[in-house]
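J.: Please find the sequence and the predicted model below.
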Amino acid sequence: MSKVKELQIKNKYTGELIDTIPADTPETLREKIKKVAQNEHLIKKMDFFERAQLLAKVASKLRFNKNKLKELIVAEGGLPIKYSEWELSIVTNGFKFCDWYYPMVEEKPLTSIEGEQLASIRYIPQGIAACISPRNTPISLPLYQLGANYLVGNGAIVKPSTACPLTMLKAYSLMEDMNLPGLDALDIVIAPGEWAVDEFLKSRIIKTIMTITSSHTAKDIIVNYAKILRKTADKSMGVTMYTQPFKNFFFECAGNDAGIVMPDVNLEQVAKWNCMASYTNSGQQCFSMKRIIVHKDIYDEYVELLIKEMDNLKYGDPTDPDVDIGPLGSRRILMMMEVMVEDAKKYDVKIFTGAEKVDTGEDYGLFYKPTLIEIKPELCEDLVKAPFLWREEAFGPVRSITKANDLQDAIRLANASNYGMRAVVYTSNLENIEIFKNELNAANIYVNARPMLVDITVSLGGIKDSAYPPGCKYYPQELVYGKYIYDGTPVNLDKVKP
Amino acid sequence: MNISSEISGGNTFKTDIAKRYTAFLSQYPEIFSDLIKGSDFDFAIYDTLDAYDDKNPIDSFNVLRNGHGIDIIPGKAYDPDLELALSTKAVEKLIQTNTKEEYAQLLGSFYNEPDEDDGWIDFILYKRTQTIIDMGYGKFAKTAGILEDEDAVYSM
């Protein structure tokens, strides 16, 4: 998209125009950044609990307007109506109970060896954040980015995907209706990433770049920042000194999650959950279960059960309450699914089901049927040579399944990935559970868990190419920095008095 | 768990709807059995959403979990843990239900599908979420139908 002044948002299923909205230009974006900076004090003057109470009120406001919001999520995001409830509840629950995060940001007193408590770590908001969110979540992630910044006391600019900005704009207008204190320190930017991110990188006001994107796009952002830094190099003193300061980069990237199924479980139940974990939102989820690893003793039976579950998935009109699979977010995703399947065919793979597209020839109404492809374990050994479907994130409804000989083999296969967002395990062996918890390389481990959990404790983050910095994480915790304070006044006041 | 209920303060409710609702609730004290002793929260009844925004209920009462059961007391608590806000339309429908399960299901629907015309409920926490959880309100919300059963939240 070029620097247009208007943006047309179309229905992902029907192609009908939903709305035409004004788009930002570099000039209006810079103005918004300035406005946010000028008003950041409005947020900072409230304490954490005041802001938490206000976010809880926002949650109520969203809930009272949920039908309108769900309508937009379905229309512009293509998410099935039944899934839109989940998308919205993540953020309404998160906001309603957001003071739960307080222990992560409250001042921590430190006790010295002598038993004195003169030091502490106080957590300070990092400053204004630019938040870039993806097209698969019209409201949960952009609003969560905005809310987390507000909660800890940062101003923020949020850039929702230009493919689906209306839900977020509606949420913002609801906050305007309720005169949310400090709202002038938060704003929404409607602009494509291709130039908006550069504006964020160049701005000295923006302290944090917070994105939810592919790992490769995140690396591009780092490369672009390096180029910007290079332009600010000053060699006048004989050494290279950069005038542009560091920024905080906070990337939530791709996942290629493994899901391990051991023989000692209720296979029907696990297959049901697996189907949900792998194909919800047409598989367009970073935390979707993408690489299914099944113990050899139950492999054939499990594949049969999983296919049975997949056969029950209904795809089509996302407004239909029975539909499980809505249209894909873009033609690019459809193309990527085709590329992954075609690449897999070059190997000795077996396509159990799917591998068919529904292509309207337009940018809407695009589907790829839920697909399950067997990849032989020996093909997964060397990541460089492994099928594209195994080594990269399939951000759509195509999943790989492979056979493991035993527990250690399952762990080895699960860890054979450049990604490490989540790993999921189903087993009833309590000793093995501990081994999985210790040996799986991912930032988030789910054992015998129902998928699509809406729980305040659920963390984001990842290791390897799934996130930067690495680790499980909660947004509020990442948006503050620790300030060490040693206050010797109680013991030294007499000595320093004149 | 057998727990008792008592309505204190006689006829000091401001409205008939609060009288009828408290009489109804006193039939099902077991709904409150997950709350720890000393927990105390407000029920506030609003005739419109605007009145809710303005914090102007038509009537309120509080439910105190004591050692053996619950005490329903007119007016707001001195130091409530939270407020459960209900529209008059929601209360009118709730008191028509015939079983505890039916009540819980309807209460849940007013939370999950709030509607100004059909009825709504909401809640405001006055204490920290962790404190509220520790007092048993999370489990209470499930029993009372406000938080849905996990498997019902999203299923394909």
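T.: It's in. Residues are numbered from 1 along each chain as shown, chains lettered A, B, ... in the order given.
J.: which element is residue A:19 on?
T.: Here residue A:19 sits within strand A:17-22, counting by DSSP states H and E.
J.: ok, now residue A:54?
T.: Here residue A:54 is assigned to helix A:48-64, by DSSP H and E.
J.: Return the helix or strand following that helix as PDB; C-alpha atoms alone will do.
T.: Counting by DSSP H and E, the element after helix A:48-64 in chain order, helix or strand, is helix A:66-77. Extracted in PDB, the C-alpha atoms of helix A:66-77 (Å, rounded to 0.1, in the frame of the first residue of the first chain):
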ATOM      1  CA  LYS A  66     -19.600  -7.400  22.100                       C
ATOM      2  CA  ASN A  67     -22.100  -8.100  19.300                       C
ATOM      3  CA  LYS A  68     -21.000  -5.200  17.200                       C
ATOM      4  CA  LEU A  69     -17.300  -6.100  17.900                       C
ATOM      5  CA  LYS A  70     -17.900  -9.800  17.000                       C
ATOM      6  CA  GLU A  71     -19.600  -8.700  13.800                       C
ATOM      7  CA  LEU A  72     -16.500  -6.700  12.800                       C
ATOM      8  CA  ILE A  73     -14.100  -9.500  13.800                       C
ATOM      9  CA  VAL A  74     -16.000 -11.900  11.600                       C
ATOM     10  CA  ALA A  75     -16.400  -9.500   8.600                       C
ATOM     11  CA  GLU A  76     -12.900  -8.000   8.400                       C
ATOM     12  CA  GLY A  77     -11.000 -10.800  10.000                       C
END
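J.: Is the next helix or strand after helix A:66-77 in proximity to chain B?
T.: Using DSSP H and E, the helix or strand that follows helix A:66-77 towards the C-terminus is helix A:81-96. Yes - counting by C-beta under 8 Å from any C-beta of the partner chain, chain B has neighbours in helix A:81-96: A:82, A:83, A:85, A:86, A:89, A:96. In short, each C-beta sits where N, CA and C put it, glycine included.
J.: and if you look at stretch A:324-336?
T.: Yes - on the criterion C-beta under 8 Å from any C-beta, stretch A:324-336 is in touch with chain B at residue A:324.
J.: Can you point out the buried residues in that stretch?
T.: A:324, A:325, A:326, A:327, A:328, A:329, A:330, A:333, A:334, A:335, A:336 (16 or more other C-beta atoms under 10 Å in any protein chain shown).
J.: any idea how far the residue nearest to the fourth one when sequence neighbours are not counted lies from residue B:91?
T.: I take that to be residue A:327. Nearest non-adjacent residue to residue A:327, counting by C-beta to C-beta, 6 or more residues apart in numbering or on different chains: residue A:78, 4.2 Å away. Counting by C-beta to C-beta, to the nearest Å, the gap between residue A:78 and residue B:91 amounts to 39 Å.
J.: now residue A:297
T.: 57 Å.
J.: Check which residues of stretch A:288-307 are buried.
T.: A:288-295, A:298-299, A:302-303, A:305-307.
J.: Likewise for stretch B:40-50?
T.: Buried residues in stretch B:40-50, counted by 16+ other C-beta under 10 Å: B:40, B:41, B:42, B:43, B:44, B:45, B:46, B:47, B:49.
J.: quick one: contacts of that stretch?
T.: Stretch B:40-50 has contacts (C-beta atoms under 8 Å, 6 or more residues apart in numbering or on different chains) with A:64, B:15, B:17-18, B:21, B:52, B:56-65, B:76-88, B:91, B:116, B:120, B:137.
J.: Which ChimeraX command selects the buried ones in these?
T.: Buried members of the contacts of stretch B:40-50, defined by 16+ other C-beta under 10 Å, are picked up in ChimeraX with:
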select /A:64 /B:15,17,18,21,52,57,59,60,61,62,63,64,65,76,77,80,81,82,83,84,85,86,87,88,91,120,137
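J.: Per the annotation, how does chain A divide into domains?
T.: Recorded structural domains for chain A (assignment: automatic domain parsing) are A:6-253+A:473-483, A:257-454.
J.: Would you mind finding the longest helix in the chain?
T.: All of this refers to chain A. As assigned by DSSP state H, the longest helix anywhere in chain A is helix A:26-44.
J.: Actually, chain B is the one I wanted.
T.: helix B:100-112.
J.: Mind checking what helix or strand follows that helix in sequence?
T.: Downstream of helix B:100-112, the first helix or strand assigned by DSSP H and E is strand B:121-125.
J.: Okay, and the beta partners of the nearest residue in space to residue B:80 that is not next to it in sequence?
T.: Leaving aside its sequence neighbours, residue B:80 sits nearest to residue B:42 (C-beta to C-beta, 6+ apart; 4.6 Å). Beta-bridge partners of residue B:42, counted by DSSP bridges, are residue B:62, residue B:83.
J.: which stretches of chain B form helices?
T.: Here chain B has its helices, by DSSP H, at B:16-25, B:49-53, B:88-94, B:100-112, B:129-134, B:137-143, B:150-153.
J.: What of the stretch 351-498 of chain A?
T.: With DSSP state H, counting those that start in this stretch as the criterion, the stretch 351-498 of chain A has helices at A:388-391, A:407-415, A:430-439, A:475-478, A:489-496.
J.: Now render these as CSV, adding distance to residue A:177.
T.: CSV is the format used below for those (distance: least, C-beta to C-beta, whole Å):
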stretch, distance to residue A:177
helix A:388-391, 46
helix A:407-415, 47
helix A:430-439, 46
helix A:475-478, 25
helix A:489-496, 47
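J.: Measure how buried residue A:311 is and give me the count.
T.: As a burial measure, residue A:311 scores 10 neighbours (other C-beta atoms under 10 Å in any protein chain shown).
J.: ok, it - contacts?
T.: So residue A:311 contacts residue A:353 (C-beta under 8 Å, 6+ apart).
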